[in-house]
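1. Just the structure for this:
(one chain, ligands or ions: 4)
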Amino acid sequence: MWTTTIARCTLPTMLKRSSVLACHVLRAGGRPGWAAAISSSPSLHLTWRQLRGHGTQAPAPLASTALGDSPGVRQVRALEQERLLEVEWEGSGQSLYPYTWLRDNCQCPLCTLQSAQARSLLLSQLDIHTGVDRVQVTDNNKVSIVWPDQHTSEFDPEWLRKRCFSPAARQALQEELFLNERAYWDSELRIPTANFEEVLHDDKAALAWLLALRRVGIVYLKGAPVEQGQVARLSQRIGYLRLTFYGHTWQVQDKSQANNVAYTSGKLGLHTDYPALHYPPGVQFLHCLSQAGEGGESEAVDGFHMADQLRREDPEAFKTLTSLRVDFTDTGSDYCDFMVQSKNHIIDVDSDGRVVRINYNNATRDSVLDLPLHQVQAFYSSLKAYVQLMTRPENMLTYKMEPGDLVTFDNWRLLHGRKSFQSHPDRVRHLEGAYLDWDEVMSRLRILCKSVHGES
Ligand SMILES: C[N+](C)(C)CCCC(=O)O
Ligand SMILES: O=C(O)CCC(=O)C(=O)O
Ligand SMILES: [Fe+2]
Ligand SMILES: [Zn+2]
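-> Ligands and ions are numbered 1, 2, ... in the order given. Below you'll find the predicted structure:
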C-alpha cells in the first residue's frame, strides 16, 4: 500500500487549495515514517490528502535490497577479487559492502566510543587495502568478519541493510535523514495550521509542525499568548535560537531612525531575511502582537517553485542568478554595532543543480556591484524576470496576521513581504521575530520522529 504511494510520489504535483495532503515518505523499513506523523497529528489540521514531493527525485520503486521488514541474513560470501562482502538476505535480494568500509566501521569497543556513538579508530589505523581472513553468519544472525590481524567485527543485519550501497537504498536513507523532498505551492495553498500550545506540549503535534515546515515551508500557529517572549518559548521547543546583530529576538515596529526598512510602516517587497550574511538564518518565526487596522497584510511565495519555473521559462536568467555573486551590505547598530558585507548568488543550487537557497533582499543589496560592465544589464533583467514571476497573482499567497498568530517559515526557501500600513499612535503594529537554523530544527525533527514512532 505504501509502495503504491511512493510510486505516485514521482508525479510532479503542487499543493492546491482543493487537495488534502498527507506526507507519504517511506522509511527504509517499509513502514510509513514521517507520513503517519503528519496525518495523525492531533493539532495540525491537515487540510491535505496528498503531500507529494517535487524538486527532488522521489525514490524510484525500491529494490528489495532497499526495503523490507528487516529480514535476516541468509548467507555471506567474501568476494576476494572485488574486496566486497556479499550479504544475501532472507526472502530475496543481496547487498554488497566494501572491505575497507566494513573495517572502517567496526562497531567493537576498540574501534567505536560507544558512549559518543563515534569512531575512535584513527584513519592512520585503517588499512584501506585490507583483505579478510574469514566471514560467517553467527548463531544470533550477525555478520562476523575476522580480519587478517585477527581483529573481529560483528555487524547487525538491520544496521547493514540500512547502509546498503544500492542507489535506491542510498536515496531512501538520504531522504529519511534530510527530508529534501519539497511540496511546491502557489497562491492556492491553504497554509498548514496548528495550535501553538499543542505544539509546545505534544510531541506528535510538534513533529507534524516541523515535518510540514520542512516539506511545505510554512506553518501557521494559532492561539499564542499575546505578549512578548513567545518566539523564544517556541525556539526552546527546538533547542536554541540564532542570535544576529538584531538581537536574540527582534521587534518589528515602525521606529524613528529605523536601522532597517522592516522597522518602518512602508511596503516590503518579497525578500528573504538577511542575505547580508553568508549563512542566512534557515528558519524564521514571526508572532503578531498587534496588527494595523489598515494594511500590514503579509505576502509569501515559494522561492524554490519560482526558481524552477524560471529555469524552465527563462534559462538564461536562471543561469545568471545562480552564477553571479551579488554584494549585500548592512551597517548600523542594534544588539551591537555592525558593518556586514556578503556576496551571495540570488539563487543557490547544489552540485546536482537543485535549488537549495534563495538570497534576496532588495533593501540590503549593495550599490557596490562587482561585475564587469557588460554583465550589469543582464543581471538586472534576470533579477527583474525572477521578481516579476514571483509577483504574479497566481504565485503569491496573501494573509493577514492577527494578534496571537505566529507564522513559522523556511527563510532559505520562501520570500516574504508586507503591505504598507497606517501607523496609529494608540494602536501600534507590532510583530516579534526570531531566527533559527535548519541544523537545529532538523535535529529536533529526527528526535521527535524517533520518540513518536520509535524509529532510528
Ligand atoms: C527583521 N530584521 C530587521 C531582523 C531583519 C530584516 C532582514 C534583512 O535585513 O535582511
Ligand atoms: O512586518 C512584516 O509583516 C514582516 C517583517 C519582515 O519581513 C522583516 O522584519 O524582515
Ligand atoms: Fe523579513
Ligand atoms: Zn573493531
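2. what about whatever residue of the stretch 301-450 of the chain ends up closest to ligand 1, how many neighbours?
-> The stretch 301-450 of the chain approaches ligand 1 most closely through residue 361 (4.1 Å), counting by C-beta to the nearest ligand atom. For glycine as for every other residue, the C-beta is placed from the backbone atoms N, C-alpha and C. Residue 361 has 22 neighbours, counted by other C-beta atoms under 10 Å.
3. just residue 285 next, same as before
-> 25.
4. same check, this time on residue 151
-> Residue 151, neighbours per other C-beta under 10 Å, totals 15.
5. One more: the one 10 residues further on?
-> If you count neighbours by other C-beta under 10 Å, residue 161 ends up with 24.
6. And the strands in the stretch 1-150 of the chain?
-> 14-15, 73-79, 84-89, 94-98, 112-113, 118-119, 134-137, 143-146 (DSSP state E, counting those that start in this stretch).
7. related to what we said a few turns ago, so the residue of the stretch 301-450 of the chain closest to ligand 1 touches residue 271, yeah?
-> Yes. Between residue 361 and residue 271 there is a contact under C-beta atoms under 8 Å: 3.9 Å.
8. How about the contacts made by the residue of the stretch 301-450 of the chain closest to ligand 1?
-> Counting by C-beta atoms under 8 Å, 6 or more residues apart in numbering, residue 361 makes contact with 271-276, 328.
9. Which ones among these map onto strands?
-> By the criterion of DSSP state E, membership of the contacts of residue 361 in strands covers 271, 328.
10. In the contacts of residue 361, which residue is surrounded by the most others?
-> Within the contacts of residue 361, neighbour counts (other C-beta under 10 Å) peak at residue 275, which reaches 26 neighbours.
11. Verify the contact between that one and residue 359 for me.
-> Yes. Taking C-beta under 8 Å as the definition, residue 275 is a contact partner of residue 359 at 3.8 Å.
12. what is in contact with those two at once?
-> 328, 344.
13. Which residues does stretch 377-392 contact?
-> With C-beta under 8 Å, 6+ apart as the criterion, stretch 377-392 contacts 269-270, 301, 303, 306-307, 309-310, 313-314, 316-318, 320-321, 324, 326, 346-347, 360, 369, 371, 395-396, 415.
14. Stretch 95-105 now?
-> 65, 79, 83-87, 89, 111, 119, 121, 126-132, 145, 147, 153, 155, 160-161, 163-166, 169.
15. Selecting buried members of these in ChimeraX, what would you type?
-> A single ChimeraX command selects the buried members of the contacts of stretch 95-105 (16 or more other C-beta atoms under 10 Å):
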select :65,84,85,87,89,111,121,130,132,145,147,153,155,160,161,163,164,166,169
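16. From the contacts of stretch 95-105, which land in helices?
-> If you go by DSSP state H, the contacts of stretch 95-105 have 160-161, 169 in helices.
17. in this protein, which spans are helices?
-> 2-8, 34-39, 99-104, 157-162, 167-178, 196-201, 203-215, 230-236, 303-313, 315-323, 376-391, 438-453.
18. Of all the ones you listed, which one is nearest ligand 4?
-> Nearest to ligand 4, of all the helices of the chain, is helix 99-104, at 8.1 Å by C-beta to the ion.
19. The contacts of residue 361: which ones sit near ligand 2?
-> Near ligand 2, judged by C-beta under 6 Å from any ligand atom, the entries from the contacts of residue 361 are residue 273.
20. my guess is residue 349 meets residue 322, correct?
-> Yes. If you go by C-beta under 8 Å, residue 349 and residue 322 touch, sitting 5.1 Å apart.
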